[in-house]
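Participant: quick one: sequence and predicted model below, then my questions.
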Amino acid sequence: MPLLDIRNLTIELDTPHGRVKALERVSLTINPGELHGLVGESGSGRSLLAKAILGVPGHNWTITADRMMWDGQNLMEMSSKQRRNLMGSEIAMIFQDPTSSLDPAISVGSQIIEAMPTNKSLPFWKRGKFKRKTAKKWLHKVGIKNTEKVMDSYAWELSEGECQKVMIAMAVANQPRLLIADEPTDAMELSTQAQIFRLLSKLNQLQNVSILLISHELETLAGWCDQLTVLYCGQVMESGPTAELLKQPFHPYTKALVDNAPDYSGALAHKSMLQTLPGSAPALQHLPIGCRLGPRCPQAQKRCVSQPSLCHKKDRYFACHFPYHIESCNDDTST
Amino acid sequence: MARYLLRRLNLFLATSLVLIGVLFIATSHFPVEQQYALTGIESPTTDQLALSRSEYRLDSNQFRQFIAYTKQRVSGNLGVSITSQKPVIDELSQVLPASFELAIVAGILAMSLGVPLGILASLSNNKITQHSIMAITLTGYSIPVFWLGLSLSLWFGVELGWLPISGRINLLYEIEPTTGFMLIDTLLSQSIYRSSAFLDAVQHIVLPAITLAVLPFTVVVRITRAAMLHIMNEPYIRAAEARGLHTGTIVLRHALPNALIPVLKNMGLMLGTFASYAMIVEVIFSWPGVGSWLVSGIYQRDYTVIQGGVLAVALIIIFFSIFIDVLHNAFNPITRKEIYAAN
Amino acid sequence: MPRISIYQEDDIPSPMRKLWQAFADNPFALMGLWAVTCLLFLAIFGPWIAPFSPEQQDPLALLLPPSWDASGTVEHFLGTDDLGRDIFSRLLHGAHLTFGIALAIVIASLSVGFVIGSISGMMKGLKSSILSHLLDALLSIPSLLMAILVVAVTGPGLGNVFWAVGIALTPQFVRAIHQAVHEELQKDYVTAAKLDGANSIQIFWYVIMPNVWETVIIQITLAISAAILDIAALGFLNLGAQAPSPEWGAMVSQGLDNILTAPWTVTIPGVAILCSVLAINLVGDGLRSALSPLRN
């Protein structure tokens, strides 16, 4: 049974331009112990999806979904209090800007301790000391060496990488089953990025935490994830095992992404154009109807004005009327 | 940190020196003889005249006069009051505690009501609640304090007769001044009417304290609300939410400490206005503090009292604004970052 | 034929229009703006509208209650005081004094504060710090104390109020403008302009000024309301406008003798002060909340 199973999740935002479907019929399945990558351009609704899974919606959101199952329980039917409890213990999240995600007025250590679960078996006077010890243990596990010093520092005294490690330590201290990492390495140096990713993948292997890794870089995700989901403008384009997806993309958008990846082999002719899709991603208030890639898609035809449903072929999913290498499941008669 | 404290001390001394300079210039422009304005002695003997000439170096140039003036004032010689012919410093030590008592009670009232109301206003999603709180605070901010004091004393003092409208305590009670704070003195006194005297003192302070508290209260509510609204959108609050903390914990442990920092800062900026208001309130409610003492000093052209009072009040304000600045830095780790970065 | 818009085009309004839209969306702020406009009108034309002269005494109508009271008359719309002077006329003449002088003080201290503040803001190091500390000393003297000092030197009178409140307000302008200029000076676009070869006058006028005027406007509204309250308070304490003057604060203090028998002589000028300060604060508040999204 999948850990998280989302079918046709739609998020509508109330903006000054009227109600906008920021996410339209998004489906996502995460199995236990899986490192799942979610790739999409900025503005494609990755963070919205993450927040909707976690259960911290904004005030102007309307969320509808056919089903949103967490380990057999329906998240849509839970009260906000139950969601809160789930958030602390089973689903954790780390954010893109780790320094500002830590309270600047409180030392890092007390924030970690605050996030720790209370060990009820100990008498209350020993709990504080135990928590401090566990906090140090976790900090050590995420690769921070002088734990004592870091515990007493404030967020702005640490480097970005250290802050993100602290955030990860805080997130995994409750031993969650799903960790959502929303661009955890945004604006970090490459070596720090690699450290963080290695840490995440180690956690995934050793602690058996499922991880939903969100990024805009296909190359980095490709290196670390088992499964990939490609998001464009709030719609799922394609989803499947990373290796297969990269080797033989069905969807034009995935193909464009793969082709866009810089090629360092030197095969590219001098001053030749780099491959990109024409145009740019539409703004939220000007979304095209049907398949939102339509106006930029090299394969687009008349039928693309109706949104294709998600086709299922073995363990691959794709939403396209005219996929490469394969037949679409979308019937012509339905339009 | 030591360097920072030293710089603040330096600032205090420099500002005080400028202030004394302003007073010195003002004193030489008072429309009376300079010696009279400096000492306040009504009909001085020749000895006294000679003494004051040498004390204030009136025969030397302006700069030496200023140094001598500073020396006298700093050593506590503020001259004698022209009307009562008593040393100004003694009168000052009698009226200062009364003003402090009023200011402290009003300040506590404003803070203890203002901060919770500000938080409530920021957390409520109800438009009507928000608008009514903003309307009340804006009105409180715009109300002329003398008119508010008069109206309150007219309603509660005269029409309803609930509360006394002048003085600190009923003259029938004889209270030994030990600390100068009437609320403490009544409790410390050995009299058998101790508790009723205390109650009387409390009743006397209610109206002036409420009148004085209106302005800081409204300011505190507005700033707390604005700061809370700003901070509740910060990423670390979102992160705390995502960690599954309860809303109460988030507000009290993460949002409030960060929100109180701007409140503290604005309190320092508000001190001057607060002092002006306190003086007016003292005049309206005949509260025997620095304000009413100073205002009666100006009515009677008591130049030594004016100098002493202005010097004392301004020094206190300078001291407290620097003190609040230091406090602000001590409690706020973020400004420490700025200090380190600046050095 | 009306143009048909096929494409949903985004009309991006200019900052001024955006400001006005945000301001006009707030009904309270708009109300305040109307009230301030009326007040400005009264401050200029009040003496011509007033039915009586402010000092004209009517011995037949002493302490007449306002017209809505049973014993009041419409002739003396807001009643009369103990000398039989028409309160409505006195209020109109007083608007000229209270509001007009407040405006004059603010304009004067703004121009002085603007010059000093921008010079000290553009300067660096010791000079700037000496200037700002000197002003900190002045800022720490409350306006009332400053007034007491001025009155002690020159004696009471409306002219001295001008100096007292002006000296108390100037440091606030200097400080606000100093800080705003100083903050803008640290930003990268100023460095970019410097690299383009702009001299400091050009940087000040073309680069920094457009980003500082918002602070100035907000400070002006704060200063006007503070000035009105200070002028009225000084009038009330008999340190400013003297007895027969229809200045609003002085009117309150003149009504004090009859507060028990004729409370309206105190209430009406007080309400007038409250309303005008409230109107200005509403405008200031509306401006501040309209500007805050633009600034971020």
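Facilitator: Now that the structure is in, tell me what you want to look at.
Participant: right, and A:Cys225 touches A:Phe197 too?
Facilitator: No: the criterion here is Cβ atoms under 8 Å, and A:Cys225 misses it with A:Phe197 at 9.8 Å. For glycine as for every other residue, the C-beta is placed from the backbone atoms N, C-alpha and C.
Participant: so those two - more neighbours on which side?
Facilitator: Neighbour count, other Cβ atoms under 10 Å in any protein chain shown: between A:Cys225 and A:Phe197, A:Cys225 has more, with 25 against 21.
Participant: and the residue nearest to that one when sequence neighbours are not counted, what are its bridge partners?
Facilitator: Spatially, and ignoring its direct neighbours in sequence, A:Cys225 is nearest to A:Gly37 (3.4 Å; Cβ to Cβ, 6 or more residues apart in numbering or on different chains). Following DSSP bridges, A:Gly37 is listed with bridge partners A:Leu213, A:Leu228.
Participant: list phi and psi for A:Leu178.
Facilitator: For A:Leu178, the backbone dihedrals are phi -130, psi 130 (criterion: degrees, to the nearest 10).
Participant: and it, bridged to which residues?
Facilitator: In this entry, A:Leu178 is beta-bridged to A:Ile91, A:Ser210, by DSSP bridges.
Participant: just checking, it touches A:Ile211?
Facilitator: Yes: between A:Leu178 and A:Ile211 there is a contact under Cβ under 8 Å: 7.5 Å.
Participant: tally of neighbours for residue 234?
Facilitator: Defaulting to chain A. When neighbours are counted by other Cβ under 10 Å, A:Gly234 registers 24.
Participant: wrong one, chain C
Facilitator: C:Leu234, neighbours per other Cβ under 10 Å, totals 29.
Participant: again with the one 3 residues further on
Facilitator: The burial metric for C:Leu237, expressed as a neighbour count using other Cβ under 10 Å, is 25.
Participant: so where does the residue nearest to it when sequence neighbours are not counted fall, helix or strand?
Facilitator: Computed as Cβ to Cβ, 6+ apart, the closest residue to C:Leu237 that is not its neighbour in sequence is B:Val295, at 6.0 Å. Assigned by DSSP states H and E, B:Val295 falls within helix B:290-299.
Participant: in that helix, what's buried?
Facilitator: Using 16 or more other Cβ atoms under 10 Å in any protein chain shown as the test for burial, helix B:290-299 gives B:290-295, B:297-298.
Participant: chain center to that helix: distance?
Facilitator: Centre-to-centre, helix B:290-299 and its host chain are 16 Å apart (Cα atoms, centre = their mean, to the nearest Å).
Participant: which single residue in chain A comes nearest to chain B?
Facilitator: Proximity of chain A to chain B (Cβ to the nearest Cβ) peaks at A:Gly88, 2.3 Å away.
Participant: check which residues of the helix or strand hosting that residue are buried.
Facilitator: In the assignment (DSSP H and E), A:Gly88 maps to helix A:80-89. Within helix A:80-89, the residues scored as buried using 16+ other Cβ under 10 Å are A:83-84, A:86-88.
Participant: spell out which parts of chain B neighbour chain A.
Facilitator: Within chain B, the residues that sit near chain A (Cβ under 8 Å from any Cβ of the partner chain) are B:125, B:234-236, B:238-246, B:249, B:253-254, B:257-258, B:261, B:332-334, B:337.
Participant: can you list contacts of stretch A:309-317?
Facilitator: For stretch A:309-317, contacts defined as Cβ atoms under 8 Å, 6 or more residues apart in numbering or on different chains pick out A:25, A:27, A:236, A:238-241, A:244-245, A:250, A:318-320, A:323, A:326, A:328-330.
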